[in-house]
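1. I'd like to go over a predicted model; first the sequence, then the structure.
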Amino acid sequence: MKHTDKQQDIRSRLKHLIEHFEHVLPGQAPIQDFVHHNTLHGYEHLVFPDALKAVHELTGAYGYEPAEKYREYYQKGRILKRDLGAVIDADSELEAQQQITQSLTRGDVYLQAMLHPLNSVTACQLNWQIEEQHALTTFQPDIPQQSRDSLLSASGGNEAGAITGLWEACMQVLEIDQQFLHPEELADMSAEYAEEMLTTLAESEQVESIDNLLLHRLVHKESDHLQAQLWSQVGDEITLRGLLRMLTGHDVMDDYRPALLRYLASWLDQGVAAWRNGSATGGFFHAWRESAMEDMVQYDTQMPDWQDQLQLVPDDPLEAVIVELKQLGLEEDAWEGYLQRLALELPGWSGMFLWRHLHPGYEGQVAPVDMMDYLAVRLVLERLYAQRLTRRKWRIEATLPTIRWYFRRRRSEFFVRYTLFNKRLPEFLSNRAQRLAGQDSRLDEDYSPWKIVADMIWNWQQSPSSDRPGRYTPYRHGWQLFRLSQSLGMDAERVQLLDSEQVEIILDCLQRLDEEKSGFVWLQAYEINYRDQFLNAISNNHRRGRWEDRKQRPQAQLIFCMDDREEGIRRHLEALNPELETLGAAAFYNTVINWKGLDDDKVTPLCPVVRTPSHELDEIPHSSAAERYQQHQERHRKRILVKNFLAQEVRRNLLSSTLAIVVSAPAALATLVGKITAPLQFGRFSALLRRNIDLEVPTTLALTAEESAPEGTEDANRHGFSDREQAQNVGQFLRTIGLAQGFSPFVVLFGHGSSSENNPHASAYNCGACSGNHSGPNARAFAQMANRPQVRTLLQEQGIDIADDVWFVGSYHNTGSEEIEWFDVDMMPLQFHQQFEQLQSEVAQAAVLSAHERCRKFASAPKKPTLARAVSHIAGRSFDFSQARPELGHATNASAVIGRRSVSQGLFLDRRTFLISYDPTTDAEGAIIEQLLLSNGPVGAGINLEYYFSTVNNEQFGCGTKVMHNVTGFFGVMEGANSDLRTGLPRQMIEIHEAMRLHVMVEASVEILTKVYQRQPPLQQLIGNGWLLVSAIDPDTGEISLFDPQQGFIPWGGEVKPLQRVEHSSDWYDGHMQPLEPVMLKQEAAHA
Amino acid sequence: MLNQIAWLVPLLPLLAAAWIGAGFVLGINRGEAGERHTFMVAVGAILGSFVLMLALVVEAVIDGAPGYLLYTEWFHSGKLSIAVSLMLDGLGLAFGTLFALLLLIAIRFSVNYMHREAGFQRFFMILSLFASAMLLIVLAGSGVLTFVGWELAGVSSYLLIGYALDRNTATKNANYAFITNRIGDAGFILGLFVSLSLFGTTEWTLLSSLESDQQTLMRGMLIAGFLLAALAKSAQLPFAAWISKALEGPTPSSAIFYGSLMVHAGVYLVIRLQPLIEQTPVMMWMLMFIGGLTALYGWLSGLVQTDVKSSLMFSTTSQVGLMFVSCGLGWFEFAAWHLALHAIWRAYQFLVSPGLMHMVTRGARPVPAWLAGQHQLYTAALQRLWLDQLAEWLLIRPVDALSKELVDFDDKVVNRIAGLPNEQSSLTRGGERQWVANIGRGRGFAGRTMEKTANAMHWFEEHLILKGSGDGLLGVIHHLGLYMQRVEQLLAQPRYLVLLILATFAVII
């Protein structure tokens, strides 16, 4: 009875494990539905630096930029000494104030350790430094002038004397014997010398046979120790594959990866292949096994029992997993760790399988996707191929106990193998070891070479050049102290005065600033540098920005997405016409819909990814165009048919493809020539052609549902919204952005998206608030709702009074090509037309200026272009199929402002700031800001952190360069045809990004914000754990406070410096490519 | 007039490649700042070639195609002569122009696409080298000159598959492709060798006009050699696997190498040799057979491919297979048209492949039910008919084992005989010397003689007889037994059987 309990227990534990995988595997959706999210979403329950440390330990991916990169920023003045100092001082763990000597604090040591690479060197490197770089007679190249001067003055201007003296002093205080430093000692031991040593040892010990050497027993001891260490790693840290790789240098996954990936991709495929083995019956494991049974590898002489082995595995994947793990001989406690490690060996594929496991029925796919199937296949394949290897190498089965048993008898062999594949060996040893390890097991094998090579390795390891850990060594501590005292300008005399305790403290300082710590210190300093500029600008702008209130009526109110990319066009609009007010909000505009465009055959959810719509909104032909619509449908259907045929059938068929190719090749040649020579003109021409073929139809929305229609649910959507729902949506939205009164004649809502060609990551450039889609329909629907008299009447009941002289317009901003599209202009009453035309031309002009501003950051764009040239370049990019950077997306995003436009209006923020409208004067309880933070906080953090991680470590968190990408199954990209699925952002998207956490400035009183924080656990996690940085500006006094998770809000201590003023944005940005500091723009008073 | 400078067509991109390479070595065009310089040279060169080709075509339309153009004799010795010559007949002109245009498109495409890549200069250098190679293959007037292009194309393909030097798979696959292509090159060399020794020339015009009563065996070898080269280059069975492994490079290079141009080089060679091949029906049958099989292989495997580039690649393989079938049927002209149009189409498809998912509204149409039920066939298609594994079993593993055994042989036999130090056992021997025991000490001549004899006897007894295991006589016998067993084992292995047979043949002949 107890036995079954335990059995069930392990089953539920394994099932639970799959839920846990969500935390450690990439959570990226199939690439067509790419939405920005925190790459380390699963770690948000930890404090930021701890999370990064945990990830580094688990996956080996370092989460900060390399120190050299930060030092480069320092050189460029992007990080200042005082920023670093501030961070070091603020970190209580570092005890920066502690005095080491009278003139030296820990803080001084930390600062030098940050600025100079004080890492330890190997013996060979030290030798190189001394011999080739003359490190003992000349200054290190990065020593600041001040330190040079003080060292020189102490030695009377003799550089060589000063440095040599310093080195000797360092050796002396560390009590290091100088004789170790003879160049010959530092070079690798020679083969002859090693042999001689061994023979001499045998002679001096006077033993009968080499087996009895003391040395030999020492090797055994060391081997035992290493074995114990290695076995304990199996599970959490390595799998059977990893173990074998450490012992043979051969990666069995190389043997089975191609087959595994083919089966996996075939199972998950969303439409590339015509022939898949996925079906609704039976899972992946079942299907794989059926197919693998017929695989010809069974005729491989090295895998004779392939089929039998497969047959022995239980049918149920969960049972198969259990049987495999038992057969492997792993302790039950280690099973979960083992499976997690297994999944992490191919994180991209594991993550995609898990995502589909969690989203059954995605895109109408019938094949069931279960993570347990995946694990079972992985385990069986790993075992079969590991077996092939162990049988060949050692004539044993691939189970842990057998391997352990084998090496318990052959300790020298283990020692040789382990050091060969995991440690550094000099060439003469690695050659010998390699030859031994490369041989397959034979009956007549002579074991003694293993013993001899093992002894030689052990011997070599005792030599000074092998970097064995000890107390103080010249290449570790000596070098560090020597470098440090040079940078500090501490001369030999002062070094000699250090007592052992002080030396200890200094070395402890260097130890405390490990990779994780120093990375985090650098990051914070980098953030502070930007933050202080940003806060200084905001501070200077207090009481200067327009639209603190609407005492006078604006000519128009234009609402854009909160997106940082819209900051530019808004700034230009306000400069063009001071009487325009711009606002920002998440561009789904409180309209959560499943959208079905005129020609769509399925719906697309247009709302944040955390919401599921219960309303469907259909685009329908205008009532006047019914006949035209029929024609359109027919033509459109045919065009799509041809398009699909050319893209899909020509890959699929044999003989009919020949015909299709022969017929369509001339057109393809014309297309290629057109696209290459004049992408913009050709793109516009083909768009025109497309419209003419399709026959454009005027459309409208099926917006309004009867009040009596059944409530919409997630499964059964209501078509359209009832009047009451409409009024509810509109009213709530207007109150949220602080636009419940003071309406101007026009309220324009801009949805946005980005057009690009040949871009698998296209949806990453679109509206994040609409799950990576175009948000035009939301803007259009909102405007239509707000214009309906019924809705306005209902709004009046809510206290929102929209007069008849106010008209809402929906619009669409293409952030790629800077084109603007206006919806439903035909519905606008006549009285508005004239003014509207003026507004349209102003918006068009602002888009032109925005294009001009964007040119500055593209390396291939013309420098200081004319406006016309800028527009055609920018538009051309989005039509250019050879362009890997159609636009730069959210690159350089760094801050957000939640508040009235007056906080930021009149400042040049360089398209780095999310702008979210909120009026604190109408939100006494903080209910609105609470919702804003809850909904926009994760969105902003998601975008920002995805950029952050893809930038700091593009190889491991990002997906590398686009030029190698190969779209797989329509759900992801591989590099070449046989790699892991690559998740995160490509290098082309992040190369100009400045990786820092988002700084959110909220215009609200500290009291309200504190209350909101205290009642919202999600905010406590996001902000309290440091994934998002927050500050507040008081709506009345303009006082700025910073949020500290430990202390709550504290006043910002930065000094307010006068801000540079320029007349136009272009005066400031022209000719610069790098991110620019905020400046003030000349502000013309409104209503002049 | 223009004919006199037609050799510039392949030369210009070669010069560009040399220029870019030299510029990089000298540090003139490195880094992002050097990108403009680099691509201007590469694009300029290929544009020059294209314009020149166009002019040649215009001239040919007015005055008729010039056909065979001899520029200079490069090498002459007795009967043997090798010339530098181009073949500007209708075929050469048409394909020269088309290929130059496609190369121009791919190189221009790369300008934006490769921006800020660390290997930008390297990429354009190799691409220019490849352009030169392709144009040479198309325009060359002789087998030898074609072979120069053939090899340059092979090398540049190798370099671009391994473009991502840091990725293991990429470099491994580059080697694989390179080695597979070497087999075809051996065929090419055989063809050249036979034609030089038989006819003293490799000029296409002369080869094509030869009478058919020449030695048929040699003629067969000649054609077989060239066909082998063609089949390997165009990735036909049994060499087909290399091209599906070649997709590791950047997208534009995949497009022109494997989709569009290089994969057709073999078909082009066959079309060039049309008059020769038509005289040997057996070869026509073989072409048809292999082409047909490859078409089926490509089609079947193509059905299950889930990544866009592989899917296009298999589709390409099958179409190229069909071209060989056409040639086999004697429809050379149709094959030429098919080749040209297919080259265009694949260039287009590969270049737009990153955006495929945004171009379709539905997945690929499923295969018909009769096929979907064939599980075995599915597995076969997914494993690409096990061509990879077959190559490993039949080629890689035996060669690998052989090389290891040769090292062993060196160590244990050759080194011992030659008295060279044996890496593994020198220590043991060094130790042994120390442990030879001394049996007493004698004085005078007799005494010393006695001492030596006694020592020797003792050593004999101790080492050859008494030590039952290990190094004693019994041990020696035991070892001998094991060696014999091993020799027997080795002889049972097919590779030694083959070696043995080869050796026998060598002795007999």
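-> Good, I have the coordinates.
2. count of neighbours near residue A:775?
-> Under the neighbour criterion other CB atoms under 10 Å in any protein chain shown, residue A:775 is assigned a count of 30. Where you see a C-beta, it was placed from the backbone N, CA and C, and this is true even at glycine.
3. now swap in residue A:841 and tell me
-> Residue A:841 sits with 11 neighbouring residues when counted by other CB under 10 Å.
4. also residue A:503?
-> By other CB under 10 Å, the residues close to residue A:503 number 19.
5. list the contacts for it?
-> Residue A:503 makes contacts with A:173-174, A:481, as judged by CB atoms under 8 Å, 6 or more residues apart in numbering or on different chains.
6. likewise for residue A:290?
-> Counting by CB under 8 Å, 6+ apart, residue A:290 makes contact with A:277, B:375.
7. cool, residue A:429 as well?
-> So residue A:429 contacts A:194, A:453, A:456-457, A:460 (CB under 8 Å, 6+ apart).
8. can you put those residues in CSV and add pLDDT and secondary structure?
-> Converted to CSV, the contacts of residue A:429 look like this (pLDDT from 0 to 100; DSSP: H, G, I helix; E, B strand; the rest coil):
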residue, pLDDT, secondary structure
A:194, 62, helix
A:453, 86, helix
A:456, 82, helix
A:457, 84, helix
A:460, 77, helix
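9. any chance of JSON lines for those residues, columns distance to chain B?
-> Shown next, in JSON lines, are those (distance: CB to the nearest CB, whole Å):
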{"residue": "A:194", "distance to chain B": "9"}
{"residue": "A:453", "distance to chain B": "8"}
{"residue": "A:456", "distance to chain B": "8"}
{"residue": "A:457", "distance to chain B": "13"}
{"residue": "A:460", "distance to chain B": "13"}
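10. got a pLDDT number for the residue in the stretch 801-950 of chain A that chain B sits nearest to?
-> Ranked by CB to the nearest CB, the top residue of the stretch 801-950 of chain A for proximity to chain B is residue A:882, at 4.2 Å. The per-residue pLDDT reported for residue A:882 equals 92.
11. cool, and residue A:929?
-> We note a pLDDT of 95 for residue A:929 in this prediction.
12. could you do residue A:3 as well?
-> If you check residue A:3, the pLDDT there is 50.
13. do the same with residue B:15
-> Reading off the model, residue B:15 has pLDDT 94.
14. any idea which element it lies in?
-> helix B:8-26 (DSSP states H and E).
15. what helices or strands is the very next helix or strand once past that helix leaning on?
-> Heading C-terminal from helix B:8-26, the first helix or strand you meet, by DSSP H and E, is helix B:35-63. Secondary-structure packing of helix B:35-63 (3 or more CB pairs under 8 Å, 6 or more residues apart in numbering or on different chains; DSSP states H and E): helix B:8-26, helix B:90-113, helix B:120-139.
16. quick check: residue B:401 vs chain A, distance?
-> Distance, residue B:401 to chain A, using CB to the nearest CB, to the nearest Å: 9 Å.
17. what's the local residue count around the residue in the stretch 451-600 of chain A positioned nearest to chain B?
-> Taking CB to the nearest CB as the measure, the point where the stretch 451-600 of chain A comes nearest chain B is residue A:452, at 4.8 Å. Counted with other CB under 10 Å, residues neighbouring residue A:452 total 24.
18. list the helices and strands the helix or strand encompassing it packs on?
-> In the assignment (DSSP H and E), residue A:452 maps to helix A:448-461. For helix A:448-461, the elements it packs on are helix A:191-205, helix A:214-233, helix A:411-422, helix A:427-438, helix B:426-434, judged by 3+ CB pairs under 8 Å, 6+ apart.
19. sorry, back to before: got JSON lines for the contacts of residue A:429, with neighbour count too?
-> JSON lines is the format used below for those (neighbours: other CB atoms under 10 Å in any protein chain shown):
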{"residue": "A:194", "neighbour count": "21"}
{"residue": "A:453", "neighbour count": "26"}
{"residue": "A:456", "neighbour count": "25"}
{"residue": "A:457", "neighbour count": "26"}
{"residue": "A:460", "neighbour count": "21"}
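20. what residues does the nearest residue to residue A:995 once chain neighbours are set aside make contact with?
-> Among residues not flanking residue A:995 along the chain, residue A:951 sits closest, at 4.1 Å (CB to CB, 6 or more residues apart in numbering or on different chains). Shown in contact with residue A:951 (CB under 8 Å, 6+ apart): A:65, A:958, A:990, A:993, A:995.
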